[in-house]
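K.L.:
Show me the folded form of this:
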Amino acid sequence: MRYLALDLGTKRTGVAVGDDETGSAMPLAVVDTPDEATLLAAVTKQVEEHGPDAIIVGLPLNMDGSEGKPALETRALAERIAAHTTLPVHVQDERLTSDAARRKMAETGPVRGRRDDAIAASIILEEYLGGRS
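P.N.:
Now for the predicted structure:
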């Protein structure tokens with residue numbers, strides 16, 4: 001199966017793709033998503049371009065693993081993304097993925113543009129696929 005992963009944010013969203021055959025994910029883009037309509041349009045465009053079988057959305061759990069208001073809001077948004085795209089949408093714990101993305105960027109040196117959200121999306125997908133490093 002081919003997957004599209006999203007690291008949702010209030011201003012921008014990181015996007016990655018991957019598949020369960022290789023268990024790896026590749027960061028694609030960071031898209032500005034200041035509101036839900038813009039987010040849904042961006043997701044539609046990525047679905048059309050990459051043809052995933054399912055979407056993985058990062059779930060912002062509390063550090064103790066419990067779900068607070070942001071996680072509940074993300075679950076509701078994931079349901080709306082599923083309805084909009086007609087694809088299955090799964091959630092994946094995203095705790096510490098932004099920190100891991102920043103560390104990965106620091107190790108590889110300067111990169112043009114803001115890529116940490118896309119790298120975080122790829123980490124979310126790799127963890128979903130079982131490739132947790």
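K.L.:
I figured residue 56 hits residue 126, correct?
P.N.:
No. Residue 56 is beyond contact range of residue 126, at 10.1 Å (criterion: Cβ atoms under 8 Å). Where you see a C-beta, it was placed from the backbone N, CA and C, and this is true even at glycine.
K.L.:
Helix or strand for residue 55, just tell me which one.
P.N.:
In the assignment (DSSP states H and E), residue 55 maps to strand 54-59.
K.L.:
chain center to stretch 40-57: distance?
P.N.:
Taking Cα atoms, centre = their mean, to the nearest Å, the mean C-alpha location of stretch 40-57 is offset from the chain mean by 11 Å.
K.L.:
That one: which residues count as buried?
P.N.:
Buried residues in stretch 40-57, counted by 16 or more other Cβ atoms under 10 Å: 40, 42-43, 46-47, 52, 54-57.
K.L.:
Quick check, pLDDT for residue 26.
P.N.:
Residue 26 carries a pLDDT value of 94.
K.L.:
What of residue 130?
P.N.:
87.
K.L.:
For it, the count of nearby residues, please.
P.N.:
8 (other Cβ atoms under 10 Å).
K.L.:
what does the strand holding residue 55 contact?
P.N.:
1, 3-8, 43, 47, 67, 71, 74-75, 77-78, 81-82, 85, 87-94, 97, 120-121, 124-125, 128 (Cβ atoms under 8 Å, 6 or more residues apart in numbering).
K.L.:
With just CA atoms, put the next helix or strand along the chain from that strand into PDB.
P.N.:
Using DSSP H and E, the helix or strand that follows strand 54-59 in sequence is helix 69-85. C-alpha atoms of helix 69-85 as PDB (Å, rounded to 0.1, in the frame of the first residue of the first chain):
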ATOM      1  CA  LYS A  69      -8.200  18.800  23.200                       C
ATOM      2  CA  PRO A  70      -5.600  18.900  20.300                       C
ATOM      3  CA  ALA A  71      -5.800  15.200  19.800                       C
ATOM      4  CA  LEU A  72      -9.600  15.200  19.900                       C
ATOM      5  CA  GLU A  73      -9.600  18.000  17.400                       C
ATOM      6  CA  THR A  74      -7.200  16.200  15.200                       C
ATOM      7  CA  ARG A  75      -9.300  13.000  15.300                       C
ATOM      8  CA  ALA A  76     -12.300  15.100  14.100                       C
ATOM      9  CA  LEU A  77     -10.300  16.700  11.400                       C
ATOM     10  CA  ALA A  78      -9.000  13.300  10.300                       C
ATOM     11  CA  GLU A  79     -12.600  12.200   9.900                       C
ATOM     12  CA  ARG A  80     -13.400  15.200   7.700                       C
ATOM     13  CA  ILE A  81     -10.300  14.500   5.600                       C
ATOM     14  CA  ALA A  82     -11.500  10.900   5.200                       C
ATOM     15  CA  ALA A  83     -15.000  12.100   4.100                       C
ATOM     16  CA  HIS A  84     -13.400  14.700   1.700                       C
ATOM     17  CA  THR A  85     -11.000  12.300   0.000                       C
END
